[in-house]
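J.: Based on what follows, work out the 3D shape:
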Amino acid sequence: MFSGEEYDDRKIRMQAHLSAMNDEMWSIIEDGPIEIQKPNISNDQTTVTDQIIPKPKKEWTEDDKRRANLDNVAKNTIYHTLDKIVFSKIKQCKTTKEI
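T.: The predicted structure follows:
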């Protein structure tokens, strides 16, 4: 259990563990959850602009769903390594980046 001791060593181990689970996992911790997006297509369905917009959940592919859930996977992994004192201090955090 993580209690704050040996933080540098534990960080390296956790980074390796999460990266082994998924290549994008550590980026989520550093940058925040992945936002599933798509190119903005005009009303005539032929013109693609440079603008990127959020992709509605009803259009998500299985890969989009998996990627969007990576923040939850990372939080769960981190939660299981914390003692009760440390967990009580971070349990209100919404994303792994906040933790």
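J.: What strand or helix carries the residue nearest the centre of the chain?
T.: Central residue check for the chain by C-alpha atoms, centre = their mean: the C-alpha nearest the mean position is that of residue 71, 2.8 Å away. Residue 71 belongs to helix 70-79 when elements are defined using DSSP states H and E.
J.: Regarding the closest residue to the residue nearest to the centre of the chain other than its chain neighbours, what is its secondary structure?
T.: Sequence neighbours aside, residue 33 is the residue nearest to residue 71 in space, at 4.0 Å (criterion: C-beta to C-beta, 6 or more residues apart in numbering). Where C-beta positions appear, they are placed from N, C-alpha and C, glycine not excepted. Remark: residue 33 carries the secondary structure label coil [criterion: DSSP: H, G, I helix; E, B strand; the rest coil].
J.: Which other helices and strands does the helix or strand of the chain with the lowest mean pLDDT contact?
T.: One helix or strand of the chain scores below all others by mean pLDDT, DSSP states H and E: strand 48-54, with a mean of 79. When contacts are defined as 3 or more C-beta pairs under 8 Å, 6 or more residues apart in numbering; DSSP states H and E, strand 48-54 sits against strand 37-41.
J.: what's the distance between the strand it packs on and the middle of its chain?
T.: Computed by C-alpha atoms, centre = their mean, to the nearest Å, the separation of strand 37-41 from the middle of its chain amounts to 21 Å.
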